Every structure is written in structure tokens, then in C-alpha cells.
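Asker: The following block contains a protein sequence and its predicted model.
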Amino acid sequence: MIVARFRSDVPIEDRSRLTCAWHQRGYRSLQCLVGRHTLVTFPDLEATSPKGAEFVALLQATPALEWVVDSVDAPALGSLAATGEPTAVRVSDDCVVGGGRFTWIAGPCAVESAAQLLGVAREVRDRGAHLLRGGAFKPRTSPYAFQGLGKAGLDLLREASAETGLGVVTEVVDVAHVEAVAEVAQVLQIGARNAQNFALLHEVALTGRPVLLKRGFGCTVPEWLHGAEYLLAAGNGNVLLCERGVRTHGNTTRFTLDISAVPLAKRLSHLPVIVDPSHACGRSDLVAPLAAAAAAAGADGVMVDVDRAGHSALCDGEQAITPDAFGALVERTNRMLRSLDPEPDPAREGRPPTPGSRTTTATGSLPLRVHAPRDAGDDVAGLERRTDLP
Ligand code: PEP
Ligand code: MN
């Protein structure tokens, strides 16, 4: 997969003109704005064919492109090597996720009533939440379980957002609901059960709204990153990754929080990483230590179930913490974060493509293979051997 980056000073008209010219030569290109970078991929380009190689040479000679690389099997647009720096996702004027900030997302698992939602929304806002979570459409294991209030739940989320000023994070489970959810939500959530529902990912991406992509509980980290790549390839660079626990052999916790996935995703990808300790462990007493562990591991934020009803909530009550427990968690974790030395920037550990060179020998954190001259022999083969990673 060939991936290239536009120079930052290339005006949009020039980018469009180039896109048309490439299309006329028979090559579709997908562009995605991530942070301050415009990345481009060519899904139909077979770089090893004579025609493809000729086109790559043309790309390499295009002054508007900062660099052109061949990314072997990697989720190219999402890779840290493609931006060379972590991306901060702007959710609203008041809320940016990533870029050194720690974001708190809190609220009930499911929206149940105006009183429940508004009460929790006010309480979490007053205790430090930046965004309000709450499911209107609930993907439940049993068809007999409470399935959420649906559109009526979206109306309540709209009211709670207007009343508290908090942006809403809520799940979309069906392509048919994307438009209605996007009217209310600042962030559209893709749940673990839909993490590889690619048609849904595509539709959600087209709204242009930030998307919080949960990791499927049976997905490897590369599979999760490839899910994110569907969003980016559809032109939506506002993606938040969310680790929420994976299935392991134990049954004392609901799932197992894969804490190693946090620094790993941050080394492989430029996207912000959020952790949901509530769904990972399914027990209110473990939420605070897991949230602290996530923060210490370098997460960009945490999403927690908070509900006054506790165990009597209609959905996942066993894992909800009280608003006061949430307040204590925010205070303690923020104090801990202030006391930690800043993490070394993973972007600096890999060598991102060097600005100014059109062909680069950089590999960054994913196996981005240089589209190298033929005599590069061993180097290229060495990098190709690393393709087991994603
Ligand atoms: C949720 O956040 O409400 C939810 C259903 O989570 P998950 O998709 O991770 O199970
Ligand atoms: Mn839940």
C-alpha cells in the first residue's frame, strides 16, 4: 500500500487538481486529514507492476508530496510513522482529546429516564467530566434484556447536553440510526460487538464526526487498528481508539483489561487511546485502580459508567460507580498524573519520515517499507520480514 503525505502548504485546489490528475491516470486516491497532516493512499496501486512502479516514480517526483512510502500490510493512515506525532482530536471548542490532555468521559451505561440522565450528567460535570456517555441503543447479549430507549434516549441526551454543556458520546449499532445519532452526539461510539462491522464503520465515518472505536473483545491490536483504518480510509481522521477488555480464560472479571494494548497502540498509531475500565472488569470495586493503571500506562483518557442507581440500573449496574466515587477517582488520578514524569514521546522513538525527502529510509513504528531503488536489497528485505506485526 503506497502512502504519501502532502506538504502542509499545499492549497486545497492543488490537492484536488492532483487527485483528478491521478484519477485520469487510472489511480483512485483516498485522502484523510489527521491533525495538521493530509495523508493519501492509493488502494488500487500495485507498486511492483511496471505501470505501478512508473506511477510511484511520478509520485516521488511530485513537489506537493513530502514523502511517498510503501507500507507493507500496515494500517497506513493510522500508523504513527505517517504523522510522526500523536494526533489530538478536536471534539468541540471546549474539548480536545489527546495532545497531552487527559479526558474524562462519564455517565450511565444506558439512558433510562430524564431524571436519571440529567442527575448523573450534572454530577459528573461538577466532578470533572469532559464528555457525557450514555447508550440510547444498547447492543445486549440477550434479546429479552433492556435494549435502550432508542430515539427517545437520544432526545434525553440532547436535553442533558444542552443543560450541562457536556458533549455526548453514544453508541450507534445500526446503519439506519447513523444520521439520528450524529445529530445528537459529538462522538459516535462503535461498540465492541460492532468493531469489525465494516459497513457500519464506513457510514459512521462519513458523518465526519469524531468516532470512538472500541476494540472487539476477540480482536488483536492490529485487527483493532485495521478497524480504525476503515474510518480513516473513508476520510475521517477524528478517531479515538478505546480499549475495553478482551476475553481470556478467567471468569472473575467480565473481561480482562489489556493494559499492554495501551502503550502498544500508542507506539503503533498516532490516534488517541481511551480506556473503558467499567466494561473491562464489570465490577465497580475494580474501576478506580484500573483507571489509574490506564492513566499510568499512557492512555489519553478514561470512559467510566457512573450511575446513582448502582446495582438497580437496567444495564450493567454491577460496574457503575457513584458520582462521588467518580469525583474521588478524578482527583486521585489527576494528582497521580501530575506526579509522573512525562512519558517519552513514542513518536521520537521511531524515526518518522524525514520532511523534505520524497523517498525516505524511515520506518517509523510500523513496517513502512521504503519504496526503494532496486539496489537497496537487504534493507528492504529486512523491513519486509517485519510484516508479522500488524
Ligand atoms: C458501552 O460502552 O455501553 C458498551 C456496550 O460497551 P462495549 O461495546 O465495550 O461492550
Ligand atoms: Mn454497558
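Answerer: Cool, the structure landed. Numbers count the residues shown, from 1 in each chain. Ligands and ions are numbered 1, 2, ... in the order given.

Asker: So what's the residue count around the closest residue to residue 82 other than its chain neighbours?
Answerer: Distances taken as C-beta to C-beta, 6 or more residues apart in numbering place residue 39 nearest to residue 82, at 5.4 Å, with adjacent residues excluded. Placement of C-beta: from N, CA and C, glycine included. By the measure other C-beta atoms under 10 Å, the count of residues near residue 39 is 21.

Asker: which element is residue 39 on?
Answerer: strand 37-41 (DSSP states H and E).

Asker: Packing partners of that strand?
Answerer: strand 2-6, strand 30-34, helix 80-83 (3 or more C-beta pairs under 8 Å, 6 or more residues apart in numbering; DSSP states H and E).

Asker: Compare these and give me the one nearest residue 175.
Answerer: strand 30-34 (20.4 Å; C-beta to C-beta).

Asker: buried sites along that closest one?
Answerer: 30-32, 34 (16 or more other C-beta atoms under 10 Å).

Asker: How about stretch 267-286?
Answerer: Going by neighbour count (16+ other C-beta under 10 Å), the buried part of stretch 267-286 is 267-282, 284, 286.

Asker: from those, which are also near ligand 1?
Answerer: With the criterion set as C-beta under 6 Å from any ligand atom, the members of the buried residues of stretch 267-286 near ligand 1 are 276, 279.

Asker: interface residues of the chain facing ligand 2?
Answerer: 109, 316 (C-beta under 5 Å from the ion).

Asker: neighbours of the residue of the chain found nearest ligand 1, just the number please.
Answerer: Closest residue of the chain to ligand 1, C-beta to the nearest ligand atom: residue 191 (3.0 Å). Residues lying near residue 191 (other C-beta under 10 Å) number 22.

Asker: Residue 141 now?
Answerer: 7.

Asker: Show the model's pLDDT score for it.
Answerer: Taken from the predicted model, the pLDDT recorded for residue 141 is 92.

Asker: hang on, it in a strand?
Answerer: No - Residue 141: not assigned to a strand; according to DSSP: H, G, I helix; E, B strand; the rest coil it is coil.

Asker: what separates it from residue 147, distance-wise?
Answerer: The gap separating residue 141 from residue 147 is 11 Å, by C-beta to C-beta, to the nearest Å.

Asker: Any chance you could list residues touching both of the two?
Answerer: Shared contacts of residue 141 and residue 147 (C-beta atoms under 8 Å, 6 or more residues apart in numbering): none.

Asker: Report the beta-bridge partners for the residue nearest to residue 82.
Answerer: With DSSP bridges as the criterion, residue 39 is bridged to residue 5, residue 32.

Asker: And it, what's its pLDDT?
Answerer: For residue 39, the model assigns a pLDDT of 97.

Asker: quick one: it and ligand 2, what's the gap?
Answerer: Computed as C-beta to the ion, to the nearest Å, the residue 39 to ligand 2 distance reads 34 Å.

Asker: Test my guess that that residue contacts residue 5.
Answerer: Yes - counting by C-beta atoms under 8 Å, residue 39 touches residue 5, with 5.5 Å between them.
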